[in-house]
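**Q** Need a 3D model of the sequence below.
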Amino acid sequence: MKNYGEIFENNAVLILEDGSKFYGKSIGVEGISNGEIVFNTSITGYQEILTDPSYKNQIITFTYPHIGNVGINKKDEESLSIHVKGLIIREISPIASNQRSEKTLKKYLKENKILTITNIDTRKLTRKIRSKGSQKGYIICLKKLPKFKNYKDIKKFKKVFWSKKKNKKNIKKKEIKNINTNKKTQKKKKNHILIYDFGVKKNIIKILVKKNCKVTVVQKNTNLKKILSLNPDGIILSNGPGDPRNYTKSIYNVKKLLKYEIPIFGICLGHQILALSNKAKIKKMKFGHHGSNHPVQNIHTKKIFITVQNHNFVIDKKNLKKNIKITYLSLFDKTIQGIKILKKPFFSFQGHPESNPGPNDIKFLFDDFIKLINKKNKIKKRKKCLKQKV
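**A** Prediction:
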């Protein structure tokens, strides 16, 4: 494996909470960052992964050894900022060879001040996480690395380090707004889809707009009264970061929403929130699912799909309520990947059906959602016609 002098500028170290140390090189951004370390098995789509809000407060390890060869472009961003706390790469490409490329990955990371450690044994790190489970860690990138006796010493050093950084800038993260800003185009849209924004990815919105839907994005804690005033035909509970059990206000609002039988489609975190709203339990996984090569199976049809996954929590199979039907299972570990609420127009999927990055196998779930909405709309029209006749 070649080392490129122009890339590896400063010293860097990754220190895990169990005391393990991995020494490498930085890309030139100095600082200290900590977060939960997860490994992602995707071969492509590193830009989409970096800008996925579901990775907030996490440090990503790419298992694929060579990252950055196709560069960076604005069109492939899934949100308007990078959400990861740090990046771990075996080797970063010194060039970008792609007609769509606007800049190199190295330049992109430096512009956004993302701490990145390269030239470490990512295979060894991945095997450690798989055997011991996910754990927190620090990336430290400095010209002169101090010696730390234990993991707790780093917290003290971090406070002193940042207090000396007088010119440290706070990067404001922009949120995704309502896509349909043109009133004329809004009138032509067929179905009105409301998205609860827990960290929605751009491609989810793009897919809905392409399917002739009017899309409104609301904050994660928007109350029932506001939701009903917007008169949506369907509701999507989006993907997002963290432990779903901490979204208590959102779970409360969704519980109330369930009485109105507006079609609901939960994605990733939204899948877990739909389950919690129906009295299911959530448990943390040993090291989670992160990558674009995860096989899942439809229990009814027995068909297998390759999907994009990014989650550390999963629905607990124990003591599931009778109204919750399991629709998909992971072929890696048999964890729940999809559910349907019986006698209600609600369903959800654990993976990322918008498939950015990744295969398009499960993208049809958006079509299923729209079919569900159209079916409900037809029933409403029939009821109105019957009332008028009476």
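**Q** List the beta-bridge partners for residue 13.
**A** Beta-bridge partners recorded for residue 13 (DSSP bridges): residue 23, residue 140.
**Q** which ones are touching it?
**A** Residues in contact with residue 13 (CB atoms under 8 Å, 6 or more residues apart in numbering) are 21, 22, 23, 24, 117, 139, 140, 145. (Glycine included, C-beta is placed from N, CA and C.)
**Q** Check residue 294 too.
**A** The contact partners of residue 294, by CB under 8 Å, 6+ apart, come to 306, 307, 308, 309, 330, 332, 351.
**Q** Helix or strand: which one has it?
**A** Assigned by DSSP states H and E, residue 294 belongs to strand 282-298.
**Q** cool, and residue 250?
**A** helix 248-257.
**Q** and that helix, what does it pack onto?
**A** helix 224-229, helix 269-277 (3 or more CB pairs under 8 Å, 6 or more residues apart in numbering; DSSP states H and E).
**Q** And the ones you listed: which comes nearest residue 11?
**A** helix 269-277 (36.7 Å; CB to CB).
**Q** returning to what we had before: just the helices and strands packed on helix 248-257: most buried one?
**A** Highest mean neighbour count among the helices and strands packed on helix 248-257 (mean count of other CB atoms under 10 Å): helix 269-277, with a mean of 26.
**Q** center of the chain, which residue is that?
**A** Among the residues of the chain, the one closest to the centroid is residue 54, at 2.8 Å (CA atoms, centre = their mean).
**Q** roughly how far apart are that one and residue 140?
**A** Residue 54 sits 25 Å away from residue 140, taking CB to CB, to the nearest Å as the criterion.
**Q** can you check residue 32 too?
**A** Here residue 32 is placed at a distance of 5 Å from residue 140 (CB to CB).
**Q** Check residue 207 too.
**A** 40 Å.
**Q** Looking at these two, which is more packed in?
**A** Using other CB atoms under 10 Å as the criterion, residue 207 and residue 140 rank with residue 140 on top: 26 against 19.
**Q** So that one is in contact with residue 23, correct?
**A** No - Residue 140 lies out of contact with residue 23 (CB atoms under 8 Å); the separation is 10.2 Å.
**Q** On the three-state scheme, the residue nearest to the centre of the chain is what?
**A** Here residue 54 is recorded as helix under DSSP: H, G, I helix; E, B strand; the rest coil.
**Q** Contact partners for it?
**A** Neighbouring residues of residue 54 by CB under 8 Å, 6+ apart: 83, 199, 201, 239, 240, 241, 268, 269, 310, 311.
**Q** element containing the fifth one?
**A** Here residue 240, judged by DSSP H and E, is contained in no helix and no strand.
**Q** State the distance from it to residue 35.
**A** Taking CB to CB, one finds residue 240 at 16 Å from residue 35.
**Q** And the two? Which one has more around it.
**A** residue 240 (25 against 19).
**Q** and the closest residue to that one other than its chain neighbours, how many neighbours?
**A** Nearest non-adjacent residue to residue 240, counting by CB to CB, 6 or more residues apart in numbering: residue 198, 2.8 Å away. Applying other CB under 10 Å, we find 23 residues neighbouring residue 198.
**Q** Hmm, residue 246 and residue 198 touching each other?
**A** No - in this structure, residue 198 is not within contact of residue 246 by CB under 8 Å, at 11.0 Å.
**Q** Identify the contacts common to those two.
**A** Common neighbours of residue 198 and residue 246 (CB under 8 Å, 6+ apart) do not exist.
**Q** From the chain's centroid, how far away is stretch 94-101?
**A** Stretch 94-101 sits 25 Å away from the centroid of its parent chain (CA atoms, centre = their mean, to the nearest Å).
**Q** Could you check it and say which residues are buried?
**A** residue 96 (16 or more other CB atoms under 10 Å).
**Q** Convert the C-alpha atoms of that stretch to CSV, please.
**A** Provided in CSV are the C-alpha atoms of stretch 94-101 (Å, rounded to 0.1, in the frame of the first residue of the first chain):
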residue,chain,number,x,y,z
PRO,A,94,-4.7,11.5,-4.0
ILE,A,95,-6.7,12.2,-7.2
ALA,A,96,-10.4,12.3,-8.3
SER,A,97,-11.2,10.7,-11.7
ASN,A,98,-14.8,11.4,-12.6
GLN,A,99,-16.5,13.8,-15.1
ARG,A,100,-18.9,14.8,-12.3
SER,A,101,-16.2,15.6,-9.8
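**Q** tell me the contacts of residue 335?
**A** By CB under 8 Å, 6+ apart, the contact list for residue 335 reads 285, 289, 314, 315, 329, 350.
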